[in-house]
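**Q** give me the fold of what follows.
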Amino acid sequence: MLSSLLGGGLGSFIYAYLENALYIISIGLIGVALCLILFGFHGTAIQAAEQRKTLRELVALLRTGLTAQLWLTIGQLAVLQIVAQLFFQFWQVLFLGAGVKQAQFGLFYVGFQLIALGSNWVFAR
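**A** Below is the predicted model:
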């Protein structure tokens, strides 16, 4: 949660200066990361064995009675992400209609994330 706060806040302030060039930079960095992953990292036999063990454990977990609960949790997280994104976009339209500058949206995002952090802290008690 803290990483989304920092990343979203930093990204919104960078976007205020770079605008659409930020998307081109992001695509370029994704390409660099993909090349590094594909060509730069070579696992050892021990790592490959551990990965196969982890994969077997995951498949075994999916075959147990937890499957329905796991799928329910994945579905709930997917719906939550869609609702949260639509909520934020809804507020963007309202703020634009009210005359708020687009460059200030980063502050609103940070505010929403702070509210989420606070609510997680309160309800985790």
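**Q** quick one: buried residues of stretch 108-115?
**A** In terms of neighbour count (16 or more other CB atoms under 10 Å), stretch 108-115 has its buried residues at Y109, V110, F112, Q113. (C-beta placed from N, C-alpha, C; glycine too.)
**Q** dump that stretch to PDB, restricted to CA.
**A** This file holds the C-alpha atoms of stretch 108-115, laid out as PDB (Å, rounded to 0.1, in the frame of the first residue of the first chain):
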ATOM      1  CA  PHE A 108      -6.100  13.800  -4.800                       C
ATOM      2  CA  TYR A 109      -4.500  10.400  -5.600                       C
ATOM      3  CA  VAL A 110      -2.100  10.700  -2.700                       C
ATOM      4  CA  GLY A 111      -5.100  11.800  -0.500                       C
ATOM      5  CA  PHE A 112      -7.100   8.700  -1.500                       C
ATOM      6  CA  GLN A 113      -4.100   6.500  -0.700                       C
ATOM      7  CA  LEU A 114      -3.600   8.100   2.700                       C
ATOM      8  CA  ILE A 115      -7.300   7.500   3.500                       C
END
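**Q** pLDDT on that stretch, on average?
**A** What stretch 108-115 shows for mean pLDDT is 79.
**Q** in helices only, show me the buried residues of stretch 108-115.
**A** When the buried residues of stretch 108-115 are checked against helices (DSSP state H), the matches are Y109, V110, F112, Q113.
**Q** and those, which two are the farthest apart?
**A** Greatest spatial distance among those (CB to CB): V110 and F112, at 7.4 Å.
**Q** where exactly do the strands run in the protein?
**A** For the chain, applying DSSP state E gives no strands.
**Q** pLDDT below threshold where in it?
**A** The chain contains residues with pLDDT under 70 at 1-2, 4-5, 43-49, 65-67.
**Q** tabulate the buried residues of stretch 108-115 (a markdown table), appending distance to L80.
**A** Below are these laid out as a markdown table (distance: CB to CB, whole Å):
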| residue | distance to L80 |
| --- | --- |
| Y109 | 17 |
| V110 | 20 |
| F112 | 14 |
| Q113 | 14 |
